[in-house]
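Novice: Pasting the sequence and the predicted model now:
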Amino acid sequence: MSNKQNKPVTGQISIDAQNIMPVIKRWLYSDKDIFIRELVSNGVDAITKLNMLGKGEGEDLKVQVTLDKKKKTITFEDNGVGMTQDEVERYINQVAFSSAEEFLKNYAGEAEGGIIGHFGLGFYSAFMAAEKVVIDTLSHQEGAQAVRWESEDGINYEMSPGDWETRGTAITLHIMKDEEEFLEGFRVREVLEKYCGYMSVPVYFTDVEGDKEDEKAREKRNKEGLKEAKKEGKEAEFTPEEAPAIKPINDISPIWFKNAKDVTDEEYKETYRKLFHTWEDPLFWIHLNVDYPFNLKGILYFPRLKRDFAGQEGEIKLFNRQVFVADNIKEIIPEFLMVLKGVIDCPDLPLNVSRSFLQNDGQVRKISGHIAKKVADKLLGLFKTERETYQGYWDDIHPFIKYGCVRDRKFYDAVKDALLLKTTEGEYYTFDEYKARNEGKAEKKVYYTSDPARQAAGVALFTSRGIDVAVMDTLIDINFMSFMEYSGDSGDKAVQFMRVDADVTGLKEDSEEGKDLQQEDLQKLFRDALGSQELEVKLEALADKDLAAMLTEDEQMRRFKDMSALYGQSMAMPDKHTLVLNRQNPVIRALAAMEEGDRSKLLCQQVYDLARLSAQPLEADSLKEFLKRSNQIVALLAEKE
Ligand code: ADP
Ligand code: MG
């Protein structure tokens, strides 16, 4: 269809358009604001094309978005390549829907996700908010004739010679009644900042009515200021307020496209604050720059994490060549890194990603794997070169590092040398360091506490012997410890975790003292005194001679109980407690020599409670008993005097 006679032509875009338009509108309903992105990015494309043709040099190339609330219009104007009538015919009237049909065939039934741009429907998204769209365009080509195109529904159009005098394109949307939110300056600006904040061509926004109001307000303030100044007789000092300088809404060269060495820390932080609307600084960041096997640039930020990162969600913003595509594309980032924030700019992914597309895309899996590797590399690098700094981050980042190890073997292999144990003394050691420090005392074990306050007495038994006790007090630690024991390194590097109340190996000593005591006799004495025939009693030589006994609980059994409690199952599990008596302790030796009676009963009960106390505080009834008995013992002491 050529129109050499300069008469208006009308036409119908395509028969199928009638069917497609409502579908598009419905599909895109949730992300209606993307029409702004599509029209701005078409302007950016037009300018990019002009540059590629070697034109426009030295010109002020830009996209101007103008909101006129009174006229109920938004205009997107660019000074890019423009279009000839043939091009409007080809690109606007025909192409759009041929590829759209194909899309509909391929993706029918999928309710989610955008389809704009990539499928040539970008321009038509204008009809989601407009009851009429007008294109005015003048091609860069020599002797080109301006074209005007109008349509009220995206189905029927009228095309005629236009009167646009400058090279480029202006697209005017007459906003429909239901979409008047897009006539609010703050709303349009917000959408522009969201989607276009990093586009590669300057984008300006003018709110005609808003600016008039601002100007009026300024004039009023100036008048008042002048009056005030006159009253005080200091007219000369009064400087009237000027209109703010007009700045583009975007940053045309985002730092993720730069070389890491050319970006300052402050720039990284500034971008973080701008992207995530926060005043907080990130802990640290990783600058991604991949050329092969895919193209990807970006920055991953480690935010300050809350304990156990419960409820804390990260946010990854996905860009395609500086055009914002979507937030929180979970598939792009390994699940265990979901607490990260950042930007990923990847031209290899379509601008319009739909969830199911991403889930099934091999490329996306590769990206996710690459990110995990980069994060591991960064952590290891930090650990090796800036150990102090790394330790400073540890409290914040260890939960997700541990989670990563449990979830992803490759990640574990990459970071295992940088895994730290934090001790109750606030020191940080690697597993190897811990082993070396506790050589001969802890064997292949790592002694830990899950609650340094409640288990303080148990902790002290070990620390007073110079054995380091690690703090393992986050939810992920239970899983992490099992992982390290069963799936971590084996052989020489194998590790076993023991809570301070689970095992006495580290407290034992080779000694002849008390070797003559009979375990069975003492067990009977304690069983009778405590009225429990199940109680396991063991005799050991514990290094701390003042310590009469310890109550240990089988590590695996206890963890199993903890686990099932965590998952809300309260299974009746046999208690596997062992009362370890210290044969080097005078009280135990006295007990062994004692006749069974009231006095031995009192002693047994007290020794047992003291042993319990070193694992955790006594509960109400036991505590009452304990206090009563302690008073009796004190009274006994007084009697003797
Ligand atoms: P896409 O951008 O994916 O090609 P669109 O529907 O957004 O799909 O645009 C269709 C075509 O219309 C573009 O490829 C371009 O050729 C033309 N076009 C749209 N807007 C402009 C513009 N502002 N300047 C020049 N050409 C444009
Ligand atoms: Mg487009």
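Specialist: All right, it came through fine. Ligands and ions are numbered 1, 2, ... in the order given.
Novice: so which residue of the stretch 201-350 of the chain comes closest to ligand 2?
Specialist: Among the residues of the stretch 201-350 of the chain, Val323 lies closest to ligand 2, at 9.5 Å counting by C-beta to the ion. Yep, even glycine has a C-beta here, placed from its N, CA and C like the rest.
Novice: Count residues in the vicinity of that residue, would you?
Specialist: By other C-beta atoms under 10 Å, the residues close to Val323 number 23.
Novice: Contacts only, for the nearest residue to it once chain neighbours are set aside.
Specialist: In space, and not counting its chain neighbours, Val323 is closest to Ser41: 5.2 Å by C-beta to C-beta, 6 or more residues apart in numbering. Ser41 makes contact with 117, 122, 196, 199, 323, according to C-beta atoms under 8 Å, 6 or more residues apart in numbering.
Novice: looking at the chain, which helix or strand is least sure?
Specialist: The helix or strand with the lowest mean pLDDT-type score in the chain, counting by mean pLDDT, DSSP states H and E, is helix 96-107 (a mean of 55).
Novice: can you give me the helices in the stretch 501-641 of the chain?
Specialist: Counting by DSSP state H, counting those that start in this stretch, residue ranges of the helices within the stretch 501-641 of the chain are 519-530, 555-566, 586-593, 598-613, 620-640.
Novice: Pick out the shakiest of these, pLDDT-wise.
Specialist: Lowest mean pLDDT within the helices of the stretch 501-641 of the chain: helix 555-566, a mean of 84.
Novice: Show me what it is packed against.
Specialist: Helices and strands touching helix 555-566, as assessed by 3 or more C-beta pairs under 8 Å, 6 or more residues apart in numbering; DSSP states H and E, comprise helix 475-486, strand 496-499.
Novice: can you pull the contacts of the closest residue to Asp501 other than its chain neighbours?
Specialist: Spatial nearest neighbour of Asp501, excluding adjacent residues (C-beta to C-beta, 6+ apart): Ala615 at 3.9 Å. By C-beta under 8 Å, 6+ apart, the contact set of Ala615 is 455, 457-458, 500-501, 551, 553.
Novice: hmm, back to that, how far does the stretch of helix or strand the residue nearest to Val323 belongs to sit from its chain's centre?
Specialist: In this structure, Ser41 sits in helix 34-52 according to DSSP states H and E. Here the centre of helix 34-52 is set off from its chain's centre by 31 Å, with C-alpha atoms, centre = their mean, to the nearest Å.
Novice: pull the CA atoms of whichever helix or strand comes after that helix into CSV?
Specialist: Using DSSP H and E, the helix or strand that follows helix 34-52 towards the C-terminus is strand 63-68. Output for strand 63-68, consisting of C-alpha atoms alone and laid out as CSV, is shown next (Å, rounded to 0.1, in the frame of the first residue of the first chain):
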residue,chain,number,x,y,z
VAL,A,63,14.1,11.4,24.3
GLN,A,64,11.7,14.0,25.7
VAL,A,65,8.6,12.7,27.6
THR,A,66,6.0,15.4,28.1
LEU,A,67,2.9,15.1,30.3
ASP,A,68,0.1,17.5,29.8
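Novice: what residues go with each domain of the chain?
Specialist: When the chain is parsed with automatic domain parsing, its domains come out as 9-210, 255-375, 419-507, 519-640.
Novice: picking up where we left off before, and the helices and strands packed on helix 555-566: which comes nearest Glu180?
Specialist: Distance to Glu180, taken as C-beta to C-beta, is lowest for helix 475-486 among the helices and strands packed on helix 555-566, at 48.1 Å.
Novice: Alright, calling it a day.
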